[in-house]
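S.K.: My questions concern the predicted model and sequence given below.
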Amino acid sequence: MTRNPNSNPEKPNRDGLHPSGQETVDGLRLRAAEALESGRFDLADEILAGIDGQELQLAKLVENLRVYQAELEIQNEELQRSQQQAQDAAARFSAFFNNLPLAGLVIDRQGLIKEANQGARTLFGLRDRVGHQHFFARLIADTDRGEVIHAWSNLDGDQPRELAELGFLTLEGDRFVGDLHLAKLPCTLDDEPRTICAVVDRTESVRQSRALAEATEQLRRSERFLDATGRIAKVGGWEMDVSTGQVRWTDMTYRIHDLSPSDDPPLTKALAFFDPEDRQLLEHRIDRAIARAEPYDLQLRMTTAKDRAIWVQTTCQPVSEGDRVTKLQGTIQDISHLKRSEEQLEFLAHHDPLTGLANRSLFRARLELCLQRAARSGAHVALLFLDLDRFKYVNDSLGHSVGDQLLERVAAALAKQVRSSDTIARLGGDEFVVIMDDVGNPRFAGKFARRLLGMLDQPFATETRELYVTASIGISIYPEDGADMDTLLRHADIAMYRAKENGRNGFNFYEPAMSAGAAERLRMEHELRGALARDEMLLHYQPQVALSDCSLRGVEALCRWQHPRLGLVAPDQFIPVAEDSGLIGELTAWVLEQACRQLILWDRAGFRIPRLAVNLPMREIERTDLVNRVRRTLERTGLTPDRLELEVTESMIMRRLDLAVTTLDALRALGVILALDDFGTGHSSLAHLKRLPLNRLKMDRSFVERLGKDRDDEAIARAVIALGRSLGLGVIAEGIETRTQHDFLRDEFCDEGQGYLYGRPLAAAAFLESWSVMEGGMHLSADRTAEAPEPEPGS
Ligand SMILES: Nc1nc2c(ncn2[C@@H]2O[C@H](COP(=O)(O)O[C@H]3[C@@H](O)[C@H](n4cnc5c(=O)[nH]c(N)nc54)O[C@@H]3COP(=O)(O)O)[C@@H](O)[C@H]2O)c(=O)[nH]1
């Protein structure tokens, strides 16, 4: 093989030796040829074998050289690449550094400035050639006027953070010097540890930071304030993120749930506290709040983590972004105490405070309901009216406190006997009622009444002593004894009075025959006893006018009873009861006192009425202290005797003429005016009349009624007027309703008149209103009687 010895690395030198000193392959071949030519074949073989080994070695060497060369090339490429990277990084840093919108300085380990960007040069007035100035000394000197206001641990949103993100920097710390923000940022660049101090004129951003800090502080203060007011007002707050369902509570909300703020309130758990029914409602309202941005305000029951059953009021105000509700915010407040008060009020409104039994209003509501049900089902309802016998004596002799205790004990004992479907109520005083709903056979009511009476047959312990008590019970049955509540009650009441009449401690079913009898009268007497104390009595006033000019000459005071059940009761109904029961004295004293006071009140109001007439019942005339009582009343009220007229009836005088004359003389001596009422009905003789110290005759309305129609009555009326005149008495006609009657009596020179024509009896205020406008007397028109009259009791 032929090779260029200069270009071939394997080329042997002149001695046939390889430059390494080893013999070359050509040299060996030459010697092998010479050995062959000389016939030394063994030597030739040996030489040729050496040639093969050398060629192999050489090939290997060549190969190694190639690998080495390739590796060198790779290393070279990598070197170039990393040099490029370093250059790029430096360029990027340099570009970033120089274009940094803040002052940038590169400081060596000793704190000397190595580089400064344009911002730093401008800020610190550095020359182009940055010297070995001590950065910190210079900075402090430059900003000596500033004060360190805060040391920051991070730089949220600031430029240096971007530096850190670029991978050059690790943020070590920073602070403010005045409004200059100094950030010290150690970094490694080109294998050299450096520190970049970024200094920013942050006047604006500091202002913003301060504003932000202030706003944050303000917010915190507000939150603290809200929290405090929430704590004081015990109102908790809550917020729910609609998209995540996450719920946030204030401390107070946790407290309301008996939880601690470290407990988690996820939505499901928050709702789980509410009672199942209320939870459904709440979920429904939450859905609507989200779907329709509809607020809510609910009162709900819940059970707290400590198993307390409470009432809460929870409100919700949806917060929207655009069309979408993103948040629900609201409050929650424990209103258990309010609910309790409400329940108490509700209870008090419907229950008797002494016994805790249903009161009249709840009783009526329940009875109404029972009757409605019974009307539909055809069932019977029994009403038992129970009144304790002689309870008044307990009160009067042992005092009200003992009376109350007895009522409490009796009520509790009665309540135990009543089925839960039935109602027991206290109507007042010692009166109880039991409603037996759906009584089946009405006779069961009798059995039950017997059981109640039996139950009372035991001593009831009071503070001071044990008391025995009995009761009388009246029973009415729906629908037989009445189709409505009031009728049933009235009939049960009447039956109860019959039980009392029958000797007490018993019961009676209502029978229609009872209604008209004494039971009702007894009932009225019973009610009348407390009527004055209960303020149920009132007075109406009816005008008495001069027939000549219709001027107001006087008023007659007429008593009315505002009965809680019966409405306005006329005196015809209760005066006889008051007389029989001995209550008339108390009643007359009250009427006299009230009426005298009223006249004085009118005087003071400038509405002067010359005379006041008051009815005097016979029983009063028979009382020896009447005159003194009248005098004391006049003294107390300030009314002069000559303005008070006492009306006595003819029939009553004639019953005990002597006694009447004595009393009337004394009254007359006192100076009061005396009128003989209902004159003409008592058949008093002229002789008797002459004995009486009267001032006026009051012609009975039965003679007035037919004036202008009946000649006899007209003749009687003329005679009464003439009689009065002959006895020197004034005459007043009562019951004048028509213009004809008025004209007749006026033409006959009757002095005064009283009747619906001039005015019905009215309460004081209404009376004043109707008469104070008629100065100088009223003017009668022909059709005055056609005017709609005020409703009168019993009329
Ligand atoms: N002892 C007491 N008796 C009293 C008292 N208050 C009233 N009475 C007596 O009750 C009887 C009924 O009185 P009353 O229902 O008030 O009726 C009076 C008038 O309303 C009625 N009257 C008046 N004008 C007319 C009329 O034009 N027509 C008509 N049908 N009735 C009219 O007359 C009654 C007044 O009557 P008298 O007293 O006799 O003038 C009655 O006897 C009263 O006396 C009281 O406090 N104590």
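M.R.: Perfect, thanks for sending it. Quick caveat, the model's predicted, so the values are computed rather than measured.
S.K.: list the contacts for the residue in the stretch 601-750 of the chain positioned nearest to the ligand?
M.R.: The nearest approach of the stretch 601-750 of the chain to the ligand comes at residue 615, 3.6 Å away (C-beta to the nearest ligand atom). The way it works is simple: take the backbone N, C-alpha and C, and place the C-beta from them, glycine included. Residue 615 is in contact with 556-559, 591, 646-647, 677, counting by C-beta atoms under 8 Å, 6 or more residues apart in numbering.
S.K.: And for residue 43?
M.R.: 32, 35.
S.K.: For the host helix or strand of it, give the mean pLDDT please.
M.R.: Using DSSP states H and E, residue 43 sits within helix 41-99. Helix 41-99 shows a mean pLDDT of 70.
S.K.: swap in stretch 274-292?
M.R.: Rounded mean pLDDT across stretch 274-292 is 93.
S.K.: Give me the neighbour count for residue 571.
M.R.: Counted by other C-beta atoms under 10 Å, the residues lying close to residue 571 total 18.
S.K.: how close does residue 306 sit to residue 365?
M.R.: 38 Å (C-beta to C-beta, to the nearest Å).
S.K.: okay, those two: which has more neighbours?
M.R.: Of the pair residue 306 and residue 365, residue 365 is the one with more neighbours under other C-beta under 10 Å, namely 14 against 8.
S.K.: what's near enough to touch that one?
M.R.: Residue 365 touches residue 350, counting by C-beta under 8 Å, 6+ apart.
S.K.: and it, what helix or strand is that in?
M.R.: Applying DSSP H and E, one finds residue 365 within helix 360-377.
S.K.: Buried residues, that helix. List them.
M.R.: By 16 or more other C-beta atoms under 10 Å, the buried positions in helix 360-377 come out as 360, 362-364, 366-367, 370-371, 374.
S.K.: cool, and stretch 307-326?
M.R.: In stretch 307-326, counting by 16+ other C-beta under 10 Å, buried: 310-314, 316, 318, 325.
S.K.: Same list (the residues you listed) but as TSV, adding secondary structure.
M.R.: Listed next are those as TSV, based on DSSP: H, G, I helix; E, B strand; the rest coil:
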residue	secondary structure
310	strand
311	strand
312	strand
313	strand
314	strand
316	strand
318	strand
325	strand
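S.K.: I'd like to know which of those is nearest to the ligand.
M.R.: Of the buried residues of stretch 307-326, the one sitting nearest to the ligand (C-beta to the nearest ligand atom) turns out to be residue 311, at 54.8 Å.
S.K.: Now do the phi/psi pair for the nearest residue to the closest one once chain neighbours are set aside.
M.R.: Nearest non-adjacent residue to residue 311, counting by C-beta to C-beta, 6 or more residues apart in numbering: residue 339, 4.2 Å away. Per-residue torsions, residue 339: phi -60, psi -40 (degrees, to the nearest 10).
S.K.: same deal with residue 608?
M.R.: phi -90, psi 120.
S.K.: Now do the contacts for the nearest residue to it once chain neighbours are set aside.
M.R.: Excluding its sequence neighbours, the residue lying closest to residue 608 (C-beta to C-beta, 6+ apart) is residue 602, at 7.0 Å. By C-beta under 8 Å, 6+ apart, the residues touching residue 602 are 608-609, 764, 768.
S.K.: do you know how far the residue most central in space within the chain is from the ligand?
M.R.: In the chain, the residue lying closest to the centroid (C-alpha atoms, centre = their mean) is residue 338, at 7.3 Å. Noted for residue 338: a distance of 50 Å to the ligand, by C-beta to the nearest ligand atom, to the nearest Å.
S.K.: in a helix, that's where that residue is, yeah?
M.R.: Yes. Applying three-state DSSP, one finds residue 338 inside a helix.
S.K.: Apart from its neighbours in sequence, what residue is nearest it?
M.R.: Residue 338 sits nearest to residue 311 (C-beta to C-beta, 6+ apart), 7.6 Å away.
S.K.: what is that neighbour paired to in the beta sheet?
M.R.: residue 301 (DSSP bridges).
S.K.: got a list of what it touches?
M.R.: 299-302, 334-336, 338-339.
S.K.: can you put those in JSON lines and add pLDDT?
M.R.: Output for the contacts of residue 311, formatted as JSON lines (pLDDT from 0 to 100):
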{"residue": "299", "pLDDT": "93"}
{"residue": "300", "pLDDT": "95"}
{"residue": "301", "pLDDT": "95"}
{"residue": "302", "pLDDT": "94"}
{"residue": "334", "pLDDT": "91"}
{"residue": "335", "pLDDT": "89"}
{"residue": "336", "pLDDT": "90"}
{"residue": "338", "pLDDT": "83"}
{"residue": "339", "pLDDT": "83"}
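S.K.: Next up, phi/psi of residue 331, please.
M.R.: phi -120, psi 160.
S.K.: before we move on, what about residue 728?
M.R.: Note on residue 728: its backbone torsions stand at phi 80, psi 30 [degrees, to the nearest 10].
S.K.: ok, how many other residues are close to it?
M.R.: The tally of other residues near residue 728 (other C-beta under 10 Å) stands at 8.
S.K.: Can you check the pLDDT for it?
M.R.: 91.
S.K.: For the closest residue to the ligand within the stretch 401-550 of the chain, which three-state class applies?
M.R.: Per C-beta to the nearest ligand atom, residue 542 is where the stretch 401-550 of the chain lies closest to the ligand, at 5.7 Å. Put simply, residue 542 is strand when judged by three-state DSSP.
S.K.: hang on, the earlier thing: just the buried residues of helix 360-377 now: which is nearest the ligand?
M.R.: Comparing the buried residues of helix 360-377 against the ligand with C-beta to the nearest ligand atom picks out residue 360 as the nearest, at 28.7 Å.
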